[in-house]
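> Turn this into a model:
(one chain, ligands or ions: 1)
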Amino acid sequence: MGRFVLLVIALFILIGLVRGALKFGRRGAPEARAADGASELVRCAHCGVHVPRGEAQLADGRSYCSEAHRRLGARD
Ligand SMILES: [Zn+2]
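This next block holds a predicted model:
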């Protein structure tokens, strides 16, 4: 009886580890790719602040930190 319980617990732990590894593998790749794109900084053409490319507003080949600055346009 004691051995059987231990075996079941060990099996559950094993299944948990395998499922966790599969989940991590599936989720890890796209996140890493997204992080690479987002970590690239672009300069706001209006105020000069640096923002991640993923969050920047793009217009006419320029990048802006916000919708408001995109509407105001480049200052230089
Ligand atoms: Zn700005």
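
> make it CA atoms for all contacts and neighbour counts henceforth
Will do.

> got the residue ranges for the strands in this structure?
41-43, 50-52, 57-59, 62-64 (DSSP state E).

> just for this structure, where's the confidence low?
1, 26-38, 76 (pLDDT under 70).

> Output the set of residues of it in proximity to the ion.
44, 46-47, 65 (CA under 5 Å from the ion).

> Just the buried ones out of the residues you listed, please.
44, 46, 65 (16 or more other CA atoms under 10 Å).

> Show me which of these is closest to Leu6.
Among those, Cys65 lies closest to Leu6 (CA to CA), at 57.0 Å.

> quick one, what contacts the closest one?
43-44, 49-51, 55-57 (CA atoms under 8 Å, 6 or more residues apart in numbering).

> what about burial for those, which qualify?
43-44, 50-51, 56-57.

> Export those to JSON lines and append columns for distance to Gly16.
Formatted as JSON lines, those follow (distance: CA to CA, whole Å):
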{"residue": "Arg43", "distance to Gly16": "45"}
{"residue": "Cys44", "distance to Gly16": "46"}
{"residue": "His50", "distance to Gly16": "42"}
{"residue": "Val51", "distance to Gly16": "39"}
{"residue": "Ala56", "distance to Gly16": "40"}
{"residue": "Gln57", "distance to Gly16": "42"}
